[in-house]
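S.K.: Got a sequence here, can you build the structure:
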Amino acid sequence: MPDDTIIEGPLYEKRKKVYPQSVHGPVRRIKWIIVGLTLAIFYLLPFVRWDRGPGLPSQAVLADLPSRRFYFFFIEIWPQEVYYFTGLLILAAMILFLMNAVAGRLWCGYLCWQTVWTDMFLAVERWAEGDRRERMLADKRGWTLAGVGRAALKHVVWLVIAMATGVAFILYFADAPTLLKELVTLQAPSLAYTWVGILTFTTFIFAAYAREQVCIYMCPWPRIQAALTDEWALNVTYRRDRGDPRMSVKKAEHARGIGNPAGDCVDCRQCAFVCPTGVDIRDGIQLGCIQCGLCIDACNNIMREIGRPTGLIAYDTDINVARHREGKPPIYRVIRPRTMIYAVVIALVSGIMVYKLATRSTMDVNVLHDRNPLFVQLSDGGVRNAYTVRLLNKGAERSFTLSVSGVPGATVHIAGVEPRADGSLIVDVGQDQTREIRLSVQVEPAQLPKASVHMRIELKDDATGETAAARDNFIPGDQ
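M.R.: A predicted model of the protein is given here:
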């Protein structure tokens, strides 16, 4: 079969149960390290504390929906700063594209939550019911008392993990210790139990039963990835030039002894047995291959046992596949226009976000002109415009001086706020709060402008000198 052959199959076929076999090796160790780190972060991060001062939540990572805030250690994101999330989405996409350009479905094989949770559920399954051979024999024997006991134990542990996943997820939306105590004592809101139930169910189904079906049929990334990759991307590859023709060890030794060609592949099928999606990598690039690299460990172990060089299955590029056939040395090109573009976009977006965070203001002001009526004609001929002004304080409790400019001769009044002796208007805003005020701007008849004029409303923190401003129009009425 040619190296570039793509295996085609039906759009959907009846599922054949996959029995992934355990394997040991460098790739498997890397995957276990990643599984441990990612799960530790997910389950423990809600309990990490971060002191933000009195009156503010002390949870390091918190999506505080009632207060409309998102906290990430020293960063606090307000609803008006949704562009930070836009930047994060762009970064996530570019990093995913870069990973794909360098090493194919690296995300799928090592970091995707479906892969991580499936690895954990498979580990439980092997612990309770044994490895591939034992599970296949148990299924052939059918139900036995011992088999039912092992299956029950497996499902109980699976359910505990799925429930812990659901609980951990909702802990990111409220104070974790408090909500966990409420969940255990059955005092949590019904919405919390609803979401725990939904997430428990989906985690259990996806990691325990759907598994490779999620990757093959539900996830869109394999199809998108195929359009983004190129011939320089590293992918898990069976080196056909070295492996074929396939035959047993004895037949290969005999063939070599009489001068006939013999490949290193002994057709043991260990590469297919360890695959979590049931793919035989020797058939070429396939939609089901998540590029996890477990077949590399399996093949290398066999090669060492029979005294042949390792690397029959390895990360390699399409360019090198062709070069191997021609007897040329491999070449690699990680730095190329595609990867450079992704890296530049990542650096640019990251730089913009860091700059915005470093220079972000801790105060803001928004103004909305009354629409009905646009102005009020006073009995003396003067005109008054009214505005709704929202003040945002992203720091400690403080007082702001509010001033209006751009309208000559204007008299400014804030409902409920008395001017000080010097005529300044001081507005107090609590820590990490917003305050809405009613502002009126009045102009005497002699000083009325001929047409609508731009007006600047400025907010100043006299203690720090920090300012924020907003613009609107003053409408002089019917001239």
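
S.K.: ok, which stretches of the stretch 51-200 of the chain are strands?
M.R.: In the stretch 51-200 of the chain, the strands defined using DSSP state E, counting those that start in this stretch lie at 61-64, 69-72, 75-77.

S.K.: what does the stretch 351-479 of the chain give?
M.R.: Under DSSP E, counting those that start in this stretch, the stretch 351-479 of the chain gives strands at 363-369, 376-377, 383-393, 398-405, 410-414, 425-429, 433-443, 453-460, 467-474.

S.K.: Give me whichever of the ones you listed is most buried.
M.R.: strand 383-393 (a mean of 19; mean count of other CB atoms under 10 Å). Quick note: C-beta positions are derived from backbone N, CA and C, even for glycine.

S.K.: Work out for me the element the nearest residue to Cys295 once chain neighbours are set aside sits within.
M.R.: Closest residue to Cys295 apart from its sequence neighbours, by CB to CB, 6 or more residues apart in numbering: Cys271 at 3.8 Å. Here Cys271 sits within helix 270-273, counting by DSSP states H and E.

S.K.: Retrieve the pLDDT associated with the closest residue to Leu159 other than its chain neighbours.
M.R.: Excluding the flanking residues, the one nearest Leu159 by CB to CB, 6+ apart is Phe204, at 6.4 Å. Here, the pLDDT recorded for Phe204 equals 96.

S.K.: which residues touch Phe204?
M.R.: Going by CB atoms under 8 Å, 6 or more residues apart in numbering, Phe204 touches Trp158, Leu159, Ala162.

S.K.: Sort out for me which of the residues you listed are in helices.
M.R.: Here DSSP state H is the test, and the contacts of Phe204 give Trp158, Leu159, Ala162 as lying in helices.

S.K.: neighbours around the second one, how many?
M.R.: Residue crowding around Leu159 was assessed by other CB atoms under 10 Å; the count is 14.

S.K.: next SSE after the helix holding Cys271?
M.R.: Per DSSP H and E, the first helix or strand lying C-terminal to helix 270-273 is helix 294-305.

S.K.: Check which helices and strands the helix or strand that that next one is followed by sits against.
M.R.: Using DSSP H and E, the helix or strand that follows helix 294-305 in sequence is strand 313-316. Contacts defined by 3 or more CB pairs under 8 Å, 6 or more residues apart in numbering; DSSP states H and E place strand 313-316 against strand 235-238, helix 294-305.

S.K.: residues of stretch 145-162 that come out buried?
M.R.: For stretch 145-162, a neighbour-count test (16 or more other CB atoms under 10 Å) marks Arg150, Lys154, Val157, Trp158, Ile161, Ala162 as buried.

S.K.: Give me the distance between the residue nearest to the spatial centre of the chain and Leu199.
M.R.: Centroid-nearest residue in the chain: Ala92, 6.7 Å away (criterion: CA atoms, centre = their mean). As for Ala92, its distance to Leu199 is 21 Å (criterion: CB to CB, to the nearest Å).

S.K.: and what of Arg336?
M.R.: 41 Å.

S.K.: ok, back up a step: and the residue nearest to Cys295, what is it in contact with?
M.R.: By CB under 8 Å, 6+ apart, Cys271 lies in contact with Tyr238, Asp280, Ile281, Arg282, Cys295, Ala298, Cys299, Ile313.

S.K.: Mind giving me the PyMOL select for those residues, buried ones only?
M.R.: In PyMOL syntax, the buried subset of those is picked out as below (16+ other CB under 10 Å):
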select buried, resi 238+280+281+282+295+298+299+313
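
S.K.: which one of the contacts of Cys271 is nearest Gly327?
M.R.: Nearest to Gly327 among those is Tyr238, at 18.2 Å by CB to CB.

S.K.: what sits opposite the closest one in the beta ladder?
M.R.: Taking DSSP bridges as the rule, Tyr238 bridges to Ile313.

S.K.: for Ala468, same thing?
M.R.: Residues in a beta bridge with Ala468, per DSSP bridges, are Leu459.
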